[in-house]
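A.B. asks: 3D, please:
(chains A and B)
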Amino acid sequence: MEATLNLAIANLTSPMILFFALGLAAALARSDLVVPEAIAKGLSLYLMMAIGFKGGASVAQHGVDATLLLSLLAGILLSALIPVLAFNALRLTTGLKTVDAAAIAAHYGSISIVTFLAMTTAIEGLGIAYEGYMVAVAAAMETPAIIVALWLVFRGKGEKSAGAEQTGSQFSPGLMREVLLNGSVVVLVGAFIIGMITGDDGLQSIAPFIVAPFKGVLCLFLLDMGLIAGRGLIGGARNLTAPIIAFGIYMPLIGGTLGLLAGAAIGLSTGGIALMTTLAASASYIAVPAAMRLALPEAQPAIYLTLSLGVTFPFNLTVGIPLYVAFSQMIA
Amino acid sequence: MKTFTKKRIDIMVEAPLLNRLIDLLERQEVGGYTVVPAIAGKGTSGTWHRDGQVGRVGAVVQIFCIVDESRVDAILKPIFEMVAKQIGIVTVSDVEVIRPENF
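C.D. replies: Down below sits the predicted model:
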């Protein structure tokens, strides 16, 4: 218990969480502080490239084993299963329409790469090793949730919804291409492959760029995330009822528990289990919202975006990370 | 200078729809179009600012094209079908051009 508390305090007083809190506080205080869109995009690309490359280099160093395939499979299954649980929980506890519940469910089956980055930074700080290929698992978990959520809406209906029909988007190859080839995934997976090809030598040759500044860049990015989360809360809080907010807290714990058990069952290291838990607990706010605007335009973005970014993301960052590390250490 | 009346179609739409809308304009063989980034605004769906977004959702772009009046209905119909459920506005206005053969 004391160890968990120490973990929680260390996490809450880390620069990355404090910068996130600064952004959140600045937004809630209605400061004019802003990270320009182009810079935020550049920071995001940098972080994807760095984490992808480091993961690939680690795989090149330690080799590929059966747990890689099992981890990918577990990630895909979790991404498909969690939306079903989330959808039913929302339908039972909130008065949300099917389309809104399904859109939210897609977010929780998919992943937040920034939460993943924060967890890798936290466990590296604690000296806990993790499997480099967890980056590939993260990429694999982006999409299945979207397909399952669309199935939840359209199952049993012979016809497409009006919105989907008009945009021609339901399960369309165009939508799948946009999700699978969105910029973040391409850089993440591309850098992972380059890391695998070039190995430790490649990593050493660009380490001053992708290793040394990583934490500082993450802090700046989290400052921006704090600003966005805070402004999202100001604008969207009125759309969230108590049962919806509660969902934003308990759903990551349900998803995280499944990730924890899956990680332990396939024999991942402590760090690997913590990352699998984080991936299953986190909710998307980049790839899935864009897909939902195309596939389910009737679903309200003010609900799913505010919930994912304004409730679950801060929860995972502050409370979730130390909790998931503690449970991973216990179960490993 | 002699000018000629044409129709300008303005589409303000949420950014994730941009590529599909451009594909549609291409399929309609619209002679040209321009995409303009919008910085900030407010509508029935609330306020938004380009710098306050983590992804493309919530950002708005404007696409406009100038066409001959005879083609307006044919072009607007599929546009309307695509954007009807989305956040945005479509307007049509009269404009004067100098080189009518371009539209």
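A.B. asks: pull up the residues of chain B that are close to chain A.
C.D. replies: Within chain B, the positions adjacent to chain A are B:14, B:16-17, B:19-20, B:45-47, B:49-58, B:81-82, B:84-86 by CB under 8 Å from any CB of the partner chain. All C-beta spots, glycine's among them, are computed from the backbone N, C-alpha and C.
A.B. asks: list the contacts of residue A:327.
C.D. replies: Counting by CB atoms under 8 Å, 6 or more residues apart in numbering or on different chains, residue A:327 makes contact with A:256, A:260, A:277.
A.B. asks: and the helix or strand hosting it, average pLDDT?
C.D. replies: If you go by DSSP states H and E, residue A:327 is part of helix A:321-331. Averaging pLDDT along helix A:321-331 gives 95.
A.B. asks: and for stretch A:201-221?
C.D. replies: Here the average pLDDT along stretch A:201-221 is 94.
A.B. asks: list the contacts of it.
C.D. replies: A:15-16, A:19, A:35, A:40, A:43-44, A:46-47, A:49-50, A:53-54, A:57, A:114, A:117-118, A:121, A:194-195, A:198.
A.B. asks: what helix or strand does residue A:243 sit in?
C.D. replies: helix A:242-265.
A.B. asks: packing partners for that helix?
C.D. replies: Here helix A:242-265 touches helix A:66-93, helix A:98-109, helix A:270-281, helix A:313-315, helix A:321-331, going by 3 or more CB pairs under 8 Å, 6 or more residues apart in numbering or on different chains; DSSP states H and E.
A.B. asks: report the buried residues of the longest one.
C.D. replies: Within helix A:66-93, the residues that qualify as buried by neighbour count (16 or more other CB atoms under 10 Å in any protein chain shown) are A:67-68, A:71-72, A:74-76, A:78-87, A:89-91.
A.B. asks: swap in the last one?
C.D. replies: The neighbour-count check on helix A:321-331 (16+ other CB under 10 Å) flags A:321-329 as buried.
A.B. asks: can you check what angle separates that helix from helix A:270-281?
C.D. replies: In terms of direction (axes from the mean of the first three to the mean of the last three CA atoms, to 10 degrees), helix A:321-331 departs from helix A:270-281 by 130 degrees.
A.B. asks: residues contacting the helix-or-strand element of chain B with minimal mean pLDDT, please?
C.D. replies: Least confident element among the helices and strands of chain B, by mean pLDDT, DSSP states H and E: strand B:46-49 (a mean of 75). With CB under 8 Å, 6+ apart as the test, strand B:46-49 has contacts from A:231, A:235-236, A:302, B:39-42, B:58-60.
A.B. asks: can you get me the start-to-end distance on stretch B:49-56?
C.D. replies: 11 Å (CA to CA, to the nearest Å).
A.B. asks: could you do stretch A:308-318 as well?
C.D. replies: Start-to-end span of stretch A:308-318 (CA to CA) is 14 Å.
A.B. asks: is any residue of it near chain B?
C.D. replies: Yes. Under the criterion of CB under 8 Å from any CB, stretch A:308-318 makes contact with chain B via residue A:309.
A.B. asks: next, the buried residues of the helix holding residue A:243.
C.D. replies: Neighbour counts over helix A:242-265 (16+ other CB under 10 Å) mark A:244-245, A:247-248, A:251-252, A:254-256, A:258-264 as buried.
A.B. asks: before we move on, what about stretch A:8-20?
C.D. replies: Buried residues in stretch A:8-20 (16+ other CB under 10 Å): A:8, A:11, A:14, A:16-17, A:19-20.
A.B. asks: what separates that stretch from the chain centre, distance-wise?
C.D. replies: 18 Å (CA atoms, centre = their mean, to the nearest Å).
A.B. asks: near chain B, anything from it?
C.D. replies: No. If you take CB under 8 Å from any CB as the test, stretch A:8-20 misses chain B, and the best it gets is 12.8 Å.
A.B. asks: tally of neighbours for residue 100?
C.D. replies: By default, I'm working from chain A. 21 (other CB atoms under 10 Å in any protein chain shown).
A.B. asks: please go with chain B instead
C.D. replies: Residue B:100, neighbours per other CB under 10 Å, totals 13.
A.B. asks: surely residue A:35 is in contact with residue B:51?
C.D. replies: Yes. The criterion here is CB atoms under 8 Å, and residue A:35 meets it with residue B:51 at 7.2 Å.
A.B. asks: quick one on the thing from earlier: put the buried members of the residues of chain B next to chain A into a ChimeraX selection.
C.D. replies: Of the residues of chain B next to chain A, the buried ones go into a single ChimeraX selection, burial set by 16+ other CB under 10 Å:
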select /B:14,16,17,20,49,50,51,52,53,54,55,56,57,58,82,85,86
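A.B. asks: which residues in the stretch 1-150 of chain A form helices?
C.D. replies: A:2-12, A:15-28, A:37-62, A:66-93, A:98-109, A:113-125, A:134-140, A:144-154 (DSSP state H, counting those that start in this stretch).
A.B. asks: gap between the third one and the chain center?
C.D. replies: Its chain's C-alpha centre and that of helix A:37-62 lie 15 Å apart, by CA atoms, centre = their mean.
A.B. asks: now that helix: average pLDDT?
C.D. replies: For helix A:37-62, the mean confidence score works out to 91.
A.B. asks: quick one: it to helix A:113-125, angle?
C.D. replies: Using the same axes, to 10 degrees: helix A:37-62 against helix A:113-125 is 50 degrees.
A.B. asks: what packs against helix A:37-62?
C.D. replies: helix A:113-125, helix A:134-140, helix A:183-210, helix A:214-236.
A.B. asks: name the residues of the last one that are buried.
C.D. replies: Spelled out, it's helix A:214-236. A:214, A:217-233, A:235-236.
A.B. asks: same deal with the first one?
C.D. replies: When neighbours are counted by 16+ other CB under 10 Å, the buried residues of helix A:113-125 are found to be A:113-123.
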